[in-house]
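Undergrad: Would you be able to build a 3D model of this:
(one chain, ligands or ions: 1)
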Amino acid sequence: MKKIGFILLLTSVFITSVLFAANPSKEIDNKCRQNLKALNSATKKMMEEKEYNMHPWVSLKQVGNIYTDFDKYIDVSKIVGPTPSCEYFMVYKDKNEYEWLCNLHGVMEGELITLKYHEYQLHGRINSKYKTNKEYEKHSKGMLMWTEYSLTPKEFFLYQYNTNPILTTVISIVLFVGSFLLLKSFFKF
Ligand SMILES: [Zn+2]
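TA: Okay, the predicted model is just below:
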């Protein structure tokens, strides 16, 4: 009986720690959205104060060369994407329709899509109002590719865990205990 008590204790400690563990996918999404927010508000300020000949598509790497005052409004070196695929671009349609987007996460507002990004379930948004922009269309297609990404077995397990930690933990424990009991009865140890 002592053994069962110990196993129960261990299991409950494990499940509690899983419950309180941070959700890394959500953290990645939030970090990227914060970057987009910061870039959008800096751009808004810049455009209120200065008139530029706006380009339909500008990357964060080139922005300082095109809108020379941009670095007065934001420290671009602090805008670091939370994943290696997060790269930032600004799409411009007219003076009311422009914004920054992430290569992986897309824009702030629009149709929500679920991305299988390796072991993380991330969320991005695509907005059809920019679909006349060729670069934006290319970018949207690239984003949609992540909805069909095939995970490796390791990524699959971690993805399940990140998406549903409690269920994955319980299933893993059941499988582990089950195979232990099976081996035990088979080899009679
Ligand atoms: Zn991103």
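Undergrad: give me every residue that touches Ile28.
TA: Pro82, Thr83, Tyr120, Leu122 (Cβ atoms under 8 Å, 6 or more residues apart in numbering). Just so you know, the C-beta spots here come from the backbone N, C-alpha and C atoms, and that holds for glycine as well.
Undergrad: How many residues are close by the second one?
TA: Spelled out, it's Thr83. 17 (other Cβ atoms under 10 Å).
Undergrad: Would you mind confirming that it is in contact with Leu115?
TA: No. Using Cβ atoms under 8 Å, Thr83 is not in contact with Leu115; the gap is 10.3 Å.
Undergrad: intersection of neighbour lists for those two?
TA: Leu104, Leu122.
Undergrad: Same question for the longest helix belonging to the chain: list its buried residues.
TA: Among the elements of the chain assigned as helix by DSSP state H, the one spanning the most residues is helix 24-49. Using 16 or more other Cβ atoms under 10 Å as the test for burial, helix 24-49 gives 25, 28-29, 32-33, 35-36, 38-40, 42-43, 46-47.
Undergrad: now stretch 62-81
TA: Val63, Tyr67, Phe70, Tyr73, Ile74, Val76, Ile79, Gly81.
Undergrad: From the residues you listed, pick the one nearest the ion.
TA: Gly81 (5.2 Å; Cβ to the ion).
Undergrad: Name the residues that touch stretch 38-49?
TA: Counting by Cβ under 8 Å, 6+ apart, 52, 60, 67, 69-70, 72-74, 79, 88, 90, 95, 98-100, 108 sit against stretch 38-49.
Undergrad: Tell me how this protein divides into domains.
TA: 24-148, 151-179 (automatic domain parsing).
Undergrad: out of the buried residues of helix 24-49, who's nearest the ion?
TA: Closest to the ion, out of all of the buried residues of helix 24-49 and judged by Cβ to the ion, is Cys32, at 3.3 Å.
Undergrad: Would you state the strands of the protein in chain order?
TA: 57-59, 88-94, 97-102, 111-117, 120-126 (DSSP state E).
Undergrad: TSV please, covering those strands and showing mean pLDDT, distance to the ion and mean neighbour count.
TA: Below are the strands of the chain laid out as TSV (pLDDT from 0 to 100; distance: least, Cβ to the ion, whole Å; neighbours: other Cβ atoms under 10 Å):
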stretch	mean pLDDT	distance to the ion	mean neighbour count
strand 57-59	97	14	17
strand 88-94	97	8	18
strand 97-102	97	3	21
strand 111-117	96	9	17
strand 120-126	96	8	20
